[in-house]
Every structure is written in structure tokens, then in C-alpha cells.
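*Asks:* Predicted model follows, preceded by the sequence.
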Amino acid sequence: MKEELATENGIDASVYEMWNDYTESNPQANKEELPESWFFHDNKEDADRLAALTVNGKKTATTSGLYKWYVEAEADLPLIGTNHIITDFDGKAQAIIEIIKVDTIPFNQLSESLASLDMGTDIEPLQKWRKAHWDFFQSVMVENGEEPTEDMLIVFERFKTVWRK
């Protein structure tokens, strides 16, 4: 029952509260549309860690998927200027980000500096990025009878954190 009171349409009340606070302080923001809210990764430990790195300004990019997934879904690539509300794994709002740059990059050509922006660390960021993303893409692709390739195109988004918890 307590959880039901804290959510609306499955969205935690903190998401609405954060957006309200942001739009009250930034009248130019569109008060009509609540941005998508989501968490990074697919497990609590990583989602919470990456949200914290976003809040403290160390994570300023994300790999949003494979380019082919956008093509197959007939979906537009992320748009510059779009806001998203980043949550922890439990759906509690942590930060609002704004997309500032979107690139498609072959998997094997992502640079160490870009990997550092995504991973939020300077300690072996490219090795960590390659392992985490290869494992993820491989698991999803194998389920669909596909194999990842070193030159598959990824969608890489850079963002700025415009509001923090």
C-alpha cells in the first residue's frame, strides 16, 4: 500500500517532485511534458552506482544501444536537448540530464576518453567499457540468434547533468 501511494502510473513520486522543482527554477523548461525516467544498466548495484556517478558529475555519457536496434524499431536517434530523469534501481529520482551530443561509433573505435565519460572513471575505462558492453550486447544478440561484431555501430550519447537530487 505504501508503494502504491508513492507512485503514479508506476513512476515514483520523487520523479514528479524533481521535475516540478526543476521547472519551477527553470521556467524555460517544458512544464507540460514529464521526461522519461529510467536507470542505467540492468541490476541494482550498477544502476545505483551509475546514478551516483551522474549526480557527482563523473558520468557524462551513456551507450544507449546498437544503431541497428534503432533502425529495426524505426525509432529516431536520441535528440539533442532532450531531458531524462535518471533514477536509482528502485525508481527514485537522482538527476535530470540533457542530451548534448549523439554519435554512432563502431564498437572497436570507441576511444579511451569517451569510455571514461561513460564509465565515470579514469581507471582502465576502455577495458571496463568494452567488457561490460560486449557482454551486454552479446547476451541480447544471442537471444535473437545473432552474434556481435567488433565493428557494430553503437549509439553514444553525451549529456550534462542539469539538476541533482
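*Replies:* Thanks, I have it. Just so it is clear, the structure is predicted and the values come from calculations on it, not from any experiment.
*Asks:* Which of the helices and strands in this structure ranks last by mean pLDDT?
*Replies:* Ranking every helix and strand in the chain by mean pLDDT, DSSP states H and E puts helix 2-5 at the bottom, with a mean of 37.
*Asks:* got the residue ranges for the helices in this protein?
*Replies:* Assigned by DSSP state H, the chain shows helices spanning 2-5, 13-25, 44-55, 67-72, 112-119, 125-143.
*Asks:* so which of these gets nearest residue 83?
*Replies:* Across the helices of the chain, residue 83 has its closest neighbour in helix 13-25 (8.3 Å, C-beta to C-beta). Yep, even glycine has a C-beta here, placed from its N, CA and C like the rest.
*Asks:* same for the closest one, what does it pack against?
*Replies:* On a contact count with 3 or more C-beta pairs under 8 Å, 6 or more residues apart in numbering; DSSP states H and E, helix 13-25 meets strand 83-87, strand 93-106, strand 153-164.
*Asks:* looking at those, which is closest to residue 118?
*Replies:* Of all those, strand 153-164 sits nearest to residue 118, with 7.4 Å by C-beta to C-beta.
*Asks:* what pairs with that closest one, and is each one parallel or antiparallel?
*Replies:* With DSSP bridges as the test, strand 153-164 is paired with strand 61-66 (antiparallel), strand 93-106 (antiparallel).
*Asks:* pLDDT weak spots in the chain?
*Replies:* Applying pLDDT under 70 to the chain flags the ranges 1-8, 30-32.
*Asks:* returning to what we had before: using TSV, please lay out the helices of the chain together with mean neighbour count and distance to residue 87.
*Replies:* Output for those, formatted as TSV (neighbours: other C-beta atoms under 10 Å; distance: least, C-beta to C-beta, whole Å):
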stretch	mean neighbour count	distance to residue 87
helix 2-5	8	15
helix 13-25	16	7
helix 44-55	18	7
helix 67-72	14	22
helix 112-119	19	18
helix 125-143	15	19
